[in-house]
Structures are given as C-alpha cells and as structure tokens.
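Trainee: sequence unknown, structure follows:
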C-alpha cells in the first residue's frame, strides 16, 4: 500500500493512509488541453494492463511504481510548458493567497515540509502524523473519513473563493483532480523535495531555487525554516 500512487477524484474512497508523508500536486482548471490529459491517461492504462499480464505480482508493483513516476514527470512537464490555459498564479496577489492558506494549515491539518507555487499548479509536501482527523463541521461530506482529501477540499475551496475575488472573476478555479503520492522513506522524501524546489529552475524561470519567490522548505532534522 505504501507504494501506491493515488489520483484523487470526485469519487471516494481510495487509498489514503491516515499518517505519513505525502507529495501533492494540484492545478488550475483547464490548465492542460483535454486531449493531452486523455492521451497520458490512456497510455498509462495500456502500459499497466501490459504489466499485469506479463509480470508476477511482486515484479508488477515495482514496475508500476516506476511507470507512475514517469507518467507524473511527463504530466508535470506539460504543466511547466503549456501556455494555453489560465496562469492566474503568476499574479503575486493570488500566489500569496495560496501560500498564506498553505501556512495557515501548518501544524493544524499537517506539518508543512515544502511547496512551490508555479503559474498554473502547486507542488506540496506535507506530513499528516499526529494531526486532526477531519473538520469538525464535515460530518456528512464525501471526504469526512479521509484527512488528505478533506484538507485538499478546504485548501482548494478557500483559495478558490479568495482568488476569484482578487481577480474579479467567477467560476471554477482549481481542476477537480489532484495528484497525491505516499512517500515511502526519507530517501524518497529527499528526492521529492529536491524536485519540488527545483521546479522553477527546470522550467527555465530562475537559475537557483532560492530565487523563486513562492518556494518554501523546512529542514525537518533541525526545524529550521528556509523561505526563499
């Protein structure tokens, strides 16, 4: 279960361990062309089907994990290079709204490790161990039994409303799906944090990750916060 890559959809439930580290990516609505998303999903589905038919269960899990990583890398590359959809997070006022909400939930709904806010998507690394289970008011909603899903609901819902007000617009702000991955160990955590911090560097926007305004990292070992 710890190696399972999860795609959060409107229909729950799906695998979300109650504790542990998570790497999350969520994006603006219509930030990728529908045909691109469909082609990536279809390619992934076919490869998984092939693996299931040709590999033992033990080898399948290992290969599937590598496949999911490759799929996400391609998905993220499209987000970094796509200019067709909205890029509202380029507006510093809007990016600050998202950053503020992320920090508001720190030590309440998760322990914040890192994030990077790009023009059309957000990368977030958090730890859920030892935090509240769900919102006290969420007693009937679909996310009531899933801390991560419930947190994303609140994070995306609150920032959507405030961002739309700031932009003077209405309608959907975030795409309804989010990507979340259970981080298996400290070695993987290090690779993921490095990936998140260097997203603007990889996209050719800055030379060093510290130069990107909306990047954040807390060093878990020392508790020292480093904000670019």
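Mentor: Yep, it's here. Nothing here was measured: the structure is a model prediction, and the numbers come from that model.

Trainee: what residue ranges in the protein score low on pLDDT?
Mentor: The chain contains residues with pLDDT under 70 at 1-18, 132-145, 220-228.

Trainee: Give me the most central residue, it.
Mentor: The chain has residue 25 as the residue nearest its centroid, 1.7 Å off, counting by C-alpha atoms, centre = their mean.

Trainee: So that one lies in a strand, does it not?
Mentor: Yes - per DSSP: H, G, I helix; E, B strand; the rest coil, residue 25 lies within a strand segment.

Trainee: Work out for me the element the nearest residue to it once chain neighbours are set aside sits within.
Mentor: Closest residue in space to residue 25, ignoring its immediate chain neighbours: residue 179 at 4.4 Å, by C-beta to C-beta, 6 or more residues apart in numbering. Yep, even glycine has a C-beta here, placed from its N, CA and C like the rest. Element membership for residue 179 (DSSP states H and E) is strand 174-183.

Trainee: how far does that strand sit from the chain's center?
Mentor: In terms of C-alpha atoms, centre = their mean, to the nearest Å, the centre of strand 174-183 is set 5 Å apart from its chain centre.

Trainee: So what angle separates the directions of the helix or strand just after it and strand 174-183?
Mentor: Downstream of strand 174-183, the next assigned helix or strand under DSSP H and E is helix 186-197. Relative orientation of helix 186-197 versus strand 174-183 (axes from the mean of the first three to the mean of the last three C-alpha atoms, to 10 degrees): 150 degrees.

Trainee: after helix 186-197, next one along is what?
Mentor: Moving toward the C-terminus from helix 186-197, the next helix or strand (DSSP H and E) is helix 199-202.

Trainee: what sits opposite the residue nearest to the centre of the chain in the beta ladder?
Mentor: residue 123, residue 179 (DSSP bridges).

Trainee: what residues are up against it?
Mentor: For residue 25, the contacting residues are 72, 76, 121, 122, 123, 124, 178, 179, 180, by C-beta atoms under 8 Å, 6 or more residues apart in numbering.

Trainee: Kindly report the same for residue 190.
Mentor: So residue 190 contacts nothing (C-beta under 8 Å, 6+ apart).

Trainee: most remote residue from the chain's center?
Mentor: Outermost in the chain, C-alpha atoms, centre = their mean: residue 54 at 31.2 Å.

Trainee: Relative to residue 115, how far out is that residue?
Mentor: To residue 115, residue 54 is 38 Å away according to C-beta to C-beta, to the nearest Å.

Trainee: buried ones in the helix ranked longest in the chain?
Mentor: If you go by DSSP state H, the chain has its longest helix at helix 57-81. Going by neighbour count (16 or more other C-beta atoms under 10 Å), the buried part of helix 57-81 is 60, 63, 64, 67, 68, 71, 72, 75, 76, 79, 80.
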